[in-house]
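Mind looking at a prediction? Sequence and model below.
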Amino acid sequence: MEKPYVVGIDIGGQTAKIGLVDARGNVLVQTAIKSNDTDDYKKFIKNLSDAVTALVSKSYSMKDVRGIGIGAPNANYYKGTIEGAVNLTWGGQQEIPFSEYMSKTIGLPVKLTNDANAAALGEMTYGVARGMKDFIMITLGTGVGSGIIVNGNLLYGHDSNAGELGHVTMVRQNGRLCGCGKAGCLEAYCSATGVARTAREMLETTEKKSILRNIPAETITSKDVFEAAVEGDALAKDIFEFTGNMLGAALADFVVFSSPEAIVLFGGLTRSGDLLMKPVVESLNRNVMPRWKNKIKVLFSQLKESDAAILGASALAWELGSEG
């Protein structure tokens, strides 16, 4: 009899979210621990393993857990390592043997991938892309991440680093500086922080009236822009139009190399709904090669945001074998 559960873990800069998941994609129980209270990865892994055991053992049995899937920044799927993750207090080392050490600590097989790839797996296993074999997942949060599914498999590349679509260059001359060190990246314009940067730039370069002018410029967030747009603020609508046009143009380029059935958008910025979706779709179809015009579906993720990170990571663990 196959083991009926897996554990999904999403490791972020502040917290690690943990959930026990069944084959139908139900998060049965979940918890979270701090991920930034130590600079020793071995101590963090011990804390994480203890938290998993405590969570599962409350109402279930560790004997029924097939394995653990983890999504984390700078994770290398092939090696099971986390490499140079500067946003993790214990992650600055060049190569941390995370999967191997955690597997030894907790006594279960562990698989690891980066967080955007985990989101793509979650969407394919449980979400709007269920049944699709070719699609691109774009995560629109603090940054822009991506996971590329080709013929039912994640595209990793030779070194597990494929799919950094947030760092394609959209503005060649005098582009915004990106956190990756380059300038003009998609992430610098179409992430939540990019939307806020666009707002500040437009407030400086236009005389157009806006309720955003009542907010100190340095504190403006994408949420502020969304709320202003909902109230009919013309400048806020211009900001979403600019963002959507750029994202759609990028998607048109992405379509060329993998010919996906769909592009799935996920993350906090998607809460803006048609304010973002309408210009994205229009720009995609305006910029894409004629053979793909009006043929690529653009979809919002249907996964519950509170569960999505755990579900994405858990999807990895179903690949792991189990004892009868």
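On my side now, so go ahead.

Can you give me every residue that contacts Lys278?
Lys278 is in contact with Gly244, counting by CB atoms under 8 Å, 6 or more residues apart in numbering. In this view, the C-beta of every residue, glycine as well, is placed from N, C-alpha and C.

Same question for Leu251.
Leu251 touches Ile136, Ile138, Ile263, Val280, Ser283, Leu284, Val288, Ile296, Val298, counting by CB under 8 Å, 6+ apart.

which residue packs closest to Ser259, ignoring adjacent ones?
Nearest non-adjacent residue to Ser259, counting by CB to CB, 6 or more residues apart in numbering: Asp134, 6.8 Å away.

now the one you found: how far from Ala315?
Going from Asp134 to Ala315 by CB to CB, to the nearest Å gives 17 Å.

Neighbour count for these two, which is higher?
Ala315 (28 against 16; other CB atoms under 10 Å).

does the more buried one count as helix, strand or coil?
Assigned by DSSP: H, G, I helix; E, B strand; the rest coil, the conformation of Ala315 is helix.

Who are the contact partners of Ile68?
Contacts of Ile68 by CB under 8 Å, 6+ apart are Val6, Val7, Gly8, Ile9, Val52, Met102, Ile106, Leu108, Pro109, Val110, Lys111, Ala317.

nearest to Leu154, of these?
In terms of CB to CB, no member of those lies closer to Leu154 than Lys111, at 11.5 Å.

What is the neighbour count of the nearest residue to Cys180 once chain neighbours are set aside?
Nearest non-adjacent residue to Cys180, counting by CB to CB, 6+ apart: His167, 5.3 Å away. Using other CB under 10 Å, His167 has 20 neighbouring residues.

same deal with Lys208?
Residues lying near Lys208 (other CB under 10 Å) number 13.

can you confirm it is in a strand?
No - remark: Lys208 does not belong to a strand; assigned using three-state DSSP, it is coil.

change the start of the numbering to 43 and stick with it
Understood, numbering begins at 43; the last thing we discussed is Lys250.

In contact with the closest residue to it other than its chain neighbours, which residues are there?
Leaving aside its sequence neighbours, Lys250 sits nearest to Leu277 (CB to CB, 6+ apart; 4.9 Å). Contacts for Leu277 (CB under 8 Å, 6+ apart) come out as Ala241, Met244, Leu245, Thr248, Lys250, Lys251, Ser252, Leu254, Ala270.

rerun at 10 Å
241, 244-245, 248, 250-255, 267, 270-271 (CB atoms under 10 Å, 6 or more residues apart in numbering).

Can you add pLDDT and give those residues back as CSV?
Output for those, formatted as CSV (pLDDT from 0 to 100):
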residue, pLDDT
Ala241, 98
Met244, 97
Leu245, 96
Thr248, 92
Lys250, 94
Lys251, 95
Ser252, 96
Ile253, 96
Leu254, 97
Arg255, 96
Val267, 97
Ala270, 97
Ala271, 97
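
In the chain, where's the longest helix?
helix 276-300 (DSSP state H).

any weak-confidence spans in this structure?
43, 363-366 (pLDDT under 70).

which residues of it fall in strands?
Using DSSP state E, the strands of the chain run over residues 47-53, 57-64, 69-76, 107-114, 117-118, 123-124, 152-156, 177-182, 186-192, 195-196, 304-308, 339-342.

quick one: the fourth one to strand 57-64, angle?
Here strand 107-114 points in a direction 150 degrees away from that of strand 57-64 (axes from the mean of the first three to the mean of the last three CA atoms, to 10 degrees).

and the gap between the residue nearest to Ser301 and Tyr168?
18 Å.

before we move on, back to that, tell me the one of the contacts of Leu277 nearest Ser348?
For these, the nearest to Ser348 is Val267 (23.3 Å; CB to CB).

Do I have it right that the closest one meets Phe282?
Yes - at 7.2 Å, Val267 counts as touching Phe282 under the criterion of CB atoms under 10 Å.

ok so, going back, between the contacts of Ile110, which is nearest Ser348?
For these, the nearest to Ser348 is Gly50 (12.7 Å; CB to CB).

Now do the residue lying closest to that closest one once chain neighbours are set aside: how many residues are near it, please.
Among residues not flanking Gly50 along the chain, Ser356 sits closest, at 2.9 Å (CB to CB, 6+ apart). Neighbour count of Ser356, defined by other CB under 10 Å: 34.

Quick check: Asp201 vs Tyr120, distance?
In terms of CB to CB, Asp201 sits 7 Å off from Tyr120.

dump the residue contacts of Asn203.
Asn116, Asn118, Tyr119, Tyr120, Glu125, Asn156.

residues near Ala278, how many?
25.

circling back: quick check, the residue nearest to Cys222 in contact with Ala158.
No - between His209 and Ala158 there is no contact under CB under 10 Å: 11.8 Å.

joint contacts of those two?
Gly185, Val186, Gly187, Ser188.

Return the member of those nearest to Ile138.
Gly187 (20.2 Å).
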